[in-house]
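**Student:** Sequence plus the predicted model coming up.
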Amino acid sequence: MASIYLVRHGQTAWNKEEIFRGRTDIPLDETGLKQAELVGEYFRGMEIYTIYSSPLSRAFQTAQKIAQFHNLKVQLLDGINDMSFGNWEGRPHKEIREKDSKIYRQWVEEPHLVRLPGGEGLDDVRVRAMAAMEDVVRDHSGKTLVLVSHRVICKVLICGILGLDNSHFWQITQDTTAINLIQYRKGKYILSLMNETCHLKPLKEQMPKVDF
């Protein structure tokens, strides 16, 4: 049985400001670096065979924080690179909602039917991401692996292993540094853990309390 920990990267400034990221290489912000440290601590003491990352720095930085406890070199995996948002990259959601309202509304309501201007559709992303995951599972039978990627990738992979089509995309939540555990057993994928963020508790405890 192979165990695949699928991890979303930490926070970036563009996450916080609700700007479409895609293939634009935005690094982790201060909070994101703290989140990455904490997700690294989560995996400390586990026996991990290989760590794979999207080529983008926000994922790679997160993967390195995990790798530091395991004497492993992070391997880049193109198939789990973020979705290309094409002409939307670097632009705030608010701007796209106003200037490209028809496609934006479809993205929110029927994401599986959208091919973004100059970018990809969810089916394209799913095909390459599933192929990448299947390759590493086949090459590392019975091992424990970590794949550090992006929100869209995590969502479509979870849909894929559960046999759900991409119309269910918005029904899956993936917070920053969310941990998911996918196990491959007797030819089938099993989702054992989804959107785990218990490791972020120290950060939440440091946030100021607000009285209403």
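**Tutor:** Yep, that arrived.
**Student:** just the strands in the protein please.
**Tutor:** Here the chain has its strands, by DSSP state E, at 2-8, 50-53, 75-76, 144-149, 179-185, 188-196.
**Student:** between the ones you listed, which one is nearest to V114?
**Tutor:** Checking the strands of the chain against V114 by C-beta to C-beta gives strand 144-149 as the closest, at 20.3 Å. From N, CA and C alone the C-beta is placed, and that goes for glycine too.
**Student:** Note down every partner strand of that closest one and its orientation.
**Tutor:** Take DSSP bridges as the rule and strand 144-149 pairs in its sheet with strand 2-8 (parallel), strand 50-53 (parallel).
**Student:** R128: how many residues sit nearby?
**Tutor:** Neighbours of R128 under the rule other C-beta atoms under 10 Å: 17.
**Student:** who touches the residue lying closest to it once chain neighbours are set aside in this structure?
**Tutor:** Leaving aside its chain neighbours, R128 sits nearest to G79 (4.8 Å; criterion: C-beta to C-beta, 6 or more residues apart in numbering). G79 makes contact with 128-129, 131-133, 135, according to C-beta atoms under 8 Å, 6 or more residues apart in numbering.
**Student:** swap in L145?
**Tutor:** Contacts for L145 (C-beta under 8 Å, 6+ apart) come out as 2-5, 48-52, 136-137.
**Student:** out of those residues, who's nearest G90?
**Tutor:** Of those, the one sitting nearest to G90 (C-beta to C-beta) turns out to be Y52, at 26.3 Å.
**Student:** beta partners of that closest one?
**Tutor:** Here Y52, judged by DSSP bridges, has bridge partners Q75, L147.
**Student:** and it, what is it in contact with?
**Tutor:** The neighbours of Y52, taking C-beta under 8 Å, 6+ apart as the test, are 63, 74-77, 80, 136, 145-148.
**Student:** same check, this time on E47
**Tutor:** E47 touches T144, counting by C-beta under 8 Å, 6+ apart.
**Student:** Roughly how far does M46 sit from L72?
**Tutor:** For M46, the distance to L72 equals 12 Å [C-beta to C-beta, to the nearest Å].
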